[in-house]
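Trainee: please find the sequence and the predicted model below.
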Amino acid sequence: MAATKKYAIVTGGSRGIGRAICKKIAEDTDYHIVINYHSNESAALETLAEVRAAGSDGEIIKFDVGNAEEVKSALAAWEEKNPDALVEVIVNNAGLTRDGLFMWMPLQDWNDVIQTSLGGFYNVTNFFIQKLLHNRYGRIINMVSVSGVKGTPGQTNYSAAKAAVIGATKALAQEIGKRNITVNAVAPGFINTDMTAEMDQKELKKMIPVNRFGEAEEVADLVSFLASKKSSYITGEVININGGIYS
């Protein structure tokens, strides 16, 4: 029987915070990294190159986290190809914004955002959950947002989606804690990524006590800690990493 290979899967791992997380977990642990992406294959391959440069290995896998059938068939095919693989860490990072005032928000923009964050959490986590329980070990880390904690005007859909994932995090943590599986949420504030590139940093910095946007690497450091054995007594938590907004 071949030796078990241990994996961490990061959804939306091709760019921004997702890429930083893949790289950091590769640096800090022995995990092979499964990098999920939706459309940008070249960006996913760049992430894979960074994972390899960090001394680990991994692969890219394409699926839309919000599409249950697609998630199931892509992950089942991956498992078939890797019978010795054991996924111990799940980072639900894939997200989508469709910002706009609620009064003018099309149903599609509401559904797409909820389906990606909340549906994505269900689709990916549910696929692996029985194996984690059987193995009696795991780390589930859900990327949420300051929007899900305090609500952000113009992002009612995104705030609702991330708040729902926070509720799911707290409930699931209580269900599976006995099996040595932790479930936590990480709530970044304003972080320098493609997603925030259009924002008026000068104005927004006034809201942030530390007076700057965060870096993706700072978020990745926290996620890597939560993915490690060092965090085994932390579960059901929402950890804010936002430079002190609303404190």
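Mentor: Thanks, I have the structure now. On a predicted model such as this, the values are computed, not experimentally measured, just so you know.

Trainee: in the helix or strand harbouring Lys6, what's buried?
Mentor: Under the criterion of DSSP states H and E, Lys6 resides in strand 5-10. Using 16 or more other C-beta atoms under 10 Å as the test for burial, strand 5-10 gives Lys6, Tyr7, Ala8, Ile9, Val10. To be clear about C-beta, it is placed using only N, CA and C from the backbone, and glycine gets the same treatment.

Trainee: any low-confidence regions in this structure?
Mentor: 1-2, 247 (pLDDT under 70).

Trainee: repeat the analysis, applying 90 as the threshold.
Mentor: Along the chain, the parts satisfying pLDDT under 90 run over 1-4, 193-204, 246-247.

Trainee: quick check, nearest of the buried residues of strand 5-10 to Ala163?
Mentor: Closest to Ala163 out of the buried residues of strand 5-10 is Val10 (22.2 Å), distances taken as C-beta to C-beta.

Trainee: ok, now which ones touch the closest one?
Mentor: When contacts are counted by C-beta atoms under 8 Å, 6 or more residues apart in numbering, Val10 is found next to Gly18, Ile21, Cys22, Ile25, Ile33, Val34, Ile35, Asn36, Val91, Asn93.

Trainee: now for these: which two are most distant?
Mentor: For these, the farthest-apart pair by C-beta to C-beta is Ile25 and Asn36; their separation is 13.6 Å.

Trainee: phi, psi for the most centrally placed residue in the chain please.
Mentor: Closest to where the C-alpha atoms of the chain average out (C-alpha atoms, centre = their mean) is Asn93, at 2.0 Å. Backbone torsions for Asn93, taken as degrees, to the nearest 10, come to phi -110, psi -20.

Trainee: I'd assumed Ala20 was in contact with it.
Mentor: No - the pair Asn93 / Ala20 is not scored as a contact, 9.9 Å apart, by C-beta atoms under 8 Å.

Trainee: three-state assignment of Asn36?
Mentor: Look at Asn36: counting by DSSP: H, G, I helix; E, B strand; the rest coil, its state is strand.

Trainee: and Thr97, by the same measure?
Mentor: Counting by three-state DSSP, the backbone at Thr97 sits in coil.

Trainee: isn't it right up against Gln155?
Mentor: Yes - the pair Thr97 and Gln155 passes the contact test of C-beta under 8 Å, sitting 6.8 Å apart.
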